[in-house]
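> Could you work out the structure for the sequence below:
(one chain, ligands or ions: 1)
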Amino acid sequence: MDSTAIRDQIDRILRSQSFASKGQLRRLLEILFRNIDSQTNLTPDLVIKELWPDQIRTKRSADVATEMNRLRHALESYYNGEGKADPITIVLPNRAAPALDGTPEKRWIAATARDGTGVETPSSHARRRRKLKRPALIGALAGVLSVTVYVSVRTLASPEQPKLGRLDGSALVILNGEGKEIWRKVFPDGIGPAWYYANGAASRLWFGDLDGKGHNSVLFSYLPADESKPHSSALICYSDRGREKWRWTPGRDLPELEGILSTFKTSAIRVLKAAERKPPRIVVVSNRDPSWGGPSQIALLDSSGKTLSEYWHAGGLRDMVVADLDGDGKEEIIAVGVAHGYDSQATMVVLDADRVFGASKEVMPEFQIHSNALAQERLRLLFPRSDLNRASFRSNHAIEPTFQDGNLKLKVLECLAPIGCPVDYEFNRNFQLVAVSPASDELRSAHDQFYKKGKDAHTLSAEEEAAFLKVRCLAGCKTEFVPVAQTYDPAASFEKGWTTQSNPNGVWSYGYSSGFMNAITLYDKTVRNGINGPNAKYWVFSSVNVGTSPAAEHNDGPAYNDANIDFLANEFLLVAGVGGQYSDLIFTAPVDGEYSVAGSFRGAQYGVGTVVGIVANGKVVFSSSVTSMGQLAPFRITLSMQAGSTVLFSVGPGPGAQNTALSVTITRPCGLTDRPALTPTGETTCSSSAALQIGKNAHALAQKASRRS
Ligand SMILES: [Zn+2]
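Just a heads-up that it's a prediction; the model follows:
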């Protein structure tokens, strides 16, 4: 987890509906986050100075404690609702209690990866970087001792419920939510080896209510320390009081492995939430020794440790998440790793929880696992290998699947020794590829260094970059490769047009009108005058502008709240005119195609009262009103559009204040004749010719608009 991921999480909370009406708590969260790297020096006085700058004399540390408590509760309820699927948990440690290591807790705020890979402290950024260099692939770290793993889970409030775990020598130590030890299990054969728990270890430990009776069970994948002979791991389930309820052993004797000593190690444990009268089910991913190379088993267990069903995969699946990818209310299982056969490519498998059976179909007969059923993967993907990877390693590897903002993300490692050169992939809820980016310039520099000299000398080319878009689909797609889609986001595009004073700005234009269906006049002037914060940037029309209304507006900085406006970080706003004007955002389709339009309007001002609407192909396709601060008016529309036709997003005057935020993503799957490419920041585009058309059409629209006015 890096600071960007934590920043993203803070933004997600600040933008959430739960926090929409909590200006003070949002400010406090921002203050804490701003100080996250120096928080041990943070004092109540400093917080008072920032939180109540004009009440420094009257506010006391007790007031800070009260606010901290309110924020703690607000975060809890956020994570129990809206934030359920967030990848990172933000917690406020109890500063009255000692920290896990016994010293007084000094942290005000901590971030924990949702899969529990560790409590983040300021120094963890460095740790994270080291972690990347250390694969959990082989027992290279066997000599590392005293592994410490913390896992935190939000569940029950009872102080004696197990919530955290720590490995201490040969003991598994279980702690309550305050970090106090409630019981421990000592393993005479030791716990380890270190590599097994060192990396992503938290996915080998899970806490939660398995029986629906309000008690936390503990799931722990145990592996003895002794590496002199191979051991299978064992999944152990403990009651909240530490009573061993059951043990489960991964894998089984496959006829394909005849003559080979088969031990299996579990690499990931997740629990599917209870749904449709189905109790929670445990998902366990395990691999055959000696490495993570496979075959691997995904087993579905009930809460008493009975195997309900199992899926076998010839390759090595290691990381896993469960998430409701398609929004149908049921969680899918997403496992990633490396394929066997198929050119040893990084792979991702998505399974419906109700279809965990059969064996993956393999091209090479020696890898085929025989089962009485063929698997029915929802999706099975193979990720392209770079020339660098082919020249230096036997395979590339997919790791760290996460589910964020409705999109599925994962990394593919092109370098395996040392581990690195990650390429980030992002898919939307329709399993279209929407972004591919080398997470840093690491791949590029490793590649260019490797091919510096000799007859193959070259630098990473645009064609090579475009080749990363060729994600092969073995199951679940209509085409051989995963469809690529181009996305358009007015908040992300605003800055560029504002700076260059371009309206139209690519596919976007900003203007005003006298109604949803009426002619639009494009704004002609950019303003930045401190209204709605120092980072608020406006488009207005000179001759009708009254107090920067009507306007299109973007917050280029952190969230801003001045008790009048509530402006989230990187938010786009439409401000209806005090003179009765509607403020409009116009999207002009660059090419013919199917466009999906999804997002929401949001009340962004105290006492807001506006009408909101969307007009496409000459019809009002959505209309609603926004009458309270933080209220969302969500929409999801699919439109068949011709090049040059428009979608209009409009905010008109209503019974209250004018500032209404608009968050929207427009997506177009690339067509057969398109040539998908990547922008420098990693967004996918369908073709370069589309860009030319955007300019042309937008220009035509501007002319039309100015004729109308
Ligand atoms: Zn190359």
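> C-terminal to the lowest-mean-pLDDT helix or strand in the chain, what's the next element?
Within the chain, no helix or strand scores below helix 124-133, which has a mean of 30 by mean pLDDT, DSSP states H and E. Tracing the chain C-terminally past helix 124-133 and defining elements by DSSP states H and E, one meets strand 164-168 next.
> Parallel or antiparallel, list what pairs with that following strand.
The strands beside strand 164-168 in its sheet (DSSP bridges) come out as strand 171-175 (antiparallel).
> I'd like the mean pLDDT over the partner strand, please.
Strand 171-175 shows an average pLDDT of 91 in the prediction.
> Quick one: residues in contact with it.
Contacts to strand 171-175, defined as C-beta atoms under 8 Å, 6 or more residues apart in numbering, come from residues 100, 162-167, 181-187, 191, 218, 220, 222, 238, 242. Quick note: C-beta positions are derived from backbone N, CA and C, even for glycine.
> May I have that strand exported as CSV, CA atoms only?
Taking C-alpha atoms only, strand 171-175 is exported to CSV below (Å, rounded to 0.1, in the frame of the first residue of the first chain):
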residue,chain,number,x,y,z
ALA,A,171,2.6,-19.0,19.1
LEU,A,172,-0.4,-17.6,17.4
VAL,A,173,-1.5,-14.7,19.6
ILE,A,174,-5.1,-13.5,19.3
LEU,A,175,-6.0,-10.0,20.4
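> Give me the next element, helix or strand, following it.
strand 181-186.
> May I have the distance across stretch 180-195, first residue to last?
26 Å (C-alpha to C-alpha, to the nearest Å).
> can you give me the helices in the stretch 401-550 of the chain?
442-450, 462-467, 490-499 (DSSP state H, counting those that start in this stretch).
> Of all the ones you listed, which one is nearest Asp63?
The closest of those to Asp63 is helix 490-499. By C-beta to C-beta, the value is 35.1 Å.
> buried sites along that closest one?
Pro490, Ala491, Ser493, Phe494, Gly497, Trp498 (16 or more other C-beta atoms under 10 Å).
> and what of stretch 508-520?
So, applying 16+ other C-beta under 10 Å, buried residues of stretch 508-520: Trp508, Ser509, Tyr510, Gly511, Tyr512, Ser513, Phe516, Ile520.
> Then stretch 263-282?
In stretch 263-282, counting by 16+ other C-beta under 10 Å, buried: 263-273, 280-282.
> Now tabulate those residues in CSV and tack on secondary structure, distance to Ile586 and pLDDT.
Shown next, in CSV, are the buried residues of stretch 263-282 (DSSP: H, G, I helix; E, B strand; the rest coil; distance: C-beta to C-beta, whole Å; pLDDT from 0 to 100):
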residue, secondary structure, distance to Ile586, pLDDT
Thr263, coil, 62, 86
Phe264, strand, 58, 90
Lys265, strand, 56, 91
Thr266, strand, 53, 92
Ser267, strand, 50, 89
Ala268, strand, 46, 91
Ile269, strand, 49, 93
Arg270, strand, 44, 93
Val271, strand, 46, 93
Leu272, strand, 43, 93
Lys273, coil, 41, 88
Pro280, coil, 47, 91
Arg281, strand, 48, 94
Ile282, strand, 50, 96
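> Many thanks, I have nothing further to ask.
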